Structure formats: structure tokens, C-alpha cells
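Novice: using only what follows, build the 3D model:
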Amino acid sequence: MSIITQNSLLTPHDPTKRVRRKESRPHDILAAALDIFIAKGFAAARVEDIAKHAGVSKATLFVYFSAKEELFKEVVRNNISTRFIEWGEEFEHFEGTSCDMLHYCLNSWWQRIGSTKVSGIPKLIMSEAHNFPDLAVFYHQEVIQPGNALIGRILQRGMDRGEFRQLDLQYGTYTVLAPMIFLVMWQHSLGHCTNQLTPMMPQRFLDMQLDILLYGFCTSPTLTSIS
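Specialist: Okay, the predicted model is just below:
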């Protein structure tokens, strides 16, 4: 029996293991890219660092993603854009009041994005948009526009059902977004340094903001009651 045969008996070859590893590489690279982009920003993030963090070579990374810009775009699509599809489907079958719907929207956003490392992406875009306008335009099309449309849908539903008073839909949407943006900006800037001095409790902040929003939006204060 040859040495090769003996080795193969001692360490059985499993072709499925190699296939699984190859199939997981894009996911590993995207996870590594998210970590590096959030830690260093887009400009300072190096493809070499992302590849090393993912456990692959730079050449392997470029097999799946042609450039750093394309890698960033796929990080956004994979971590944020898909959420709008989920929320859209959920809202199609939502049976509660529009107040309940807005409450669910803010809390679901916090659970799926705001409380995760993904929440660092909006700050990255805001801080680097001037130097990378193409990425800013991409982010606007991929995240801001569908996000605005989702919130506008809730507000329009409330007006159509007589639960919300007639609102300026565009600026009503901005009003809902403002506390969400503040929260992620705080977390990824001053919050790192001052949270022990001035603790920020995100859930309490969102509850307070929602309470203020609903008292302003609703046709009657009694409609703001949420279980």
C-alpha cells in the first residue's frame, strides 16, 4: 500500500468540507469588511486588512469583489437593504393601529440595526460623503429612499385611517428619522467616551421620542396608548 493511500486512510478526504468553505468565503469577507469599515472608516480601510481579517488572501477577495467600493456596497445591501424587504412584507399583514405600527417600526429598527455594529454605517456615510459622493448617492438610493418610503407609508396609513392628523408627509418622515439618526451618531461618537458620565439608555430614549411623536401626530391623545 502506498504512503498516499495510507495517509488517505488516516485522514479521510472530505470534498464537501472544501466546498462549504468556498461557499462561506463571501459571507466571511463581508463580515470582515463590516468590522474594518466600522473600525477605520471607508478611506482608511485597506483591502489587505479586510482579507487578513477574513482569513483569505487579497487575490481571493478580488475573486468575489472587484474593488473596495463594490465590497462596501455589498456590505450595505447585505446588512441593511434586505431589511426593507422584510419590513415591507411584515407591514403588508400588520393588523394593529398606525400607532402600533410606528412603535413596531422604531423598536424593530433598533433590534435589527440600531443595536448592532451595522449602525456604524450611517455615521461612516455622513462623515465621508463629501470625499466619496458616489457612495453617498448609492447609500441614498439603497437606504435613505426606501427608509423614507417605509416611514411615509406608516404616516399615510395613519392619515387615511383617521388616526393621524393631516401631516406634511416629507417632513413628518424626517421627524421620525431624526431621533434614530441621533441615537446611532451618539453611539459611534461621544457615546464611546461619555456614556459612563451621562448614560444613554437607547430603549428609554426611543420610548420618549415615540411618545412625543404620537402626541404630535395623533388626532386624539387616547390613540397613543400602546400595549
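Novice: could I get the buried residue list for the top helix by length along the chain?
Specialist: When the chain is scanned for its longest helix (criterion: DSSP state H), the result is helix 15-44. By neighbour count on 16 or more other Cβ atoms under 10 Å, the buried set for helix 15-44 is 25-26, 28-38, 42. Just so you know, the C-beta spots here come from the backbone N, C-alpha and C atoms, and that holds for glycine as well.
Novice: what does the domain assignment say about this structure?
Specialist: Segmentation of the chain into domains, based on automatic domain parsing, reads 1-65, 69-224.
Novice: can you redo the ones you listed as a markdown table with mean pLDDT?
Specialist: Listed next are these as a markdown table, based on pLDDT from 0 to 100:
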| stretch | mean pLDDT |
| --- | --- |
| domain 1-65 | 78 |
| domain 69-224 | 91 |
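Novice: of the ones you listed, flag the one that's most buried.
Specialist: Across the domains of the chain, the average number of neighbours (mean count of other Cβ atoms under 10 Å) peaks for domain 69-224, which reaches a mean of 16.
Novice: so the residue lying closest to Ser57 once chain neighbours are set aside, which of the three states?
Specialist: Closest residue to Ser57 apart from its sequence neighbours, by Cβ to Cβ, 6 or more residues apart in numbering: Ala51 at 6.1 Å. Here Ala51 is recorded as helix under DSSP: H, G, I helix; E, B strand; the rest coil.
Novice: now the helices for this protein?
Specialist: Using DSSP H, helices in the chain cover 3-10, 15-44, 47-54, 58-64, 68-76, 82-92, 98-109, 120-128, 133-139, 145-160, 169-187, 190-194, 202-217.
Novice: got the angle for the longest one vs helix 120-128?
Specialist: In this case it means helix 15-44. Interaxial angle of helix 15-44 relative to helix 120-128 (axes from the mean of the first three to the mean of the last three Cα atoms, to 10 degrees): 30 degrees.
Novice: and the buried residues of helix 15-44, which is closest to Val63?
Specialist: Arg25 (8.3 Å; Cβ to Cβ).
Novice: wait, the closest one sits on Ser57?
Specialist: No - shown here, Arg25 and Ser57 do not form a contact pair, counting by Cβ atoms under 8 Å, at 10.7 Å.
Novice: dump the buried residues of helix 15-44 to TSV, plus distance to Cys99.
Specialist: Shown next, in TSV, are the buried residues of helix 15-44 (distance: Cβ to Cβ, whole Å):
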residue	distance to Cys99
Arg25	45
Pro26	41
Asp28	42
Ile29	42
Leu30	36
Ala31	37
Ala32	41
Ala33	38
Leu34	34
Asp35	37
Ile36	40
Phe37	36
Ile38	33
Phe42	38
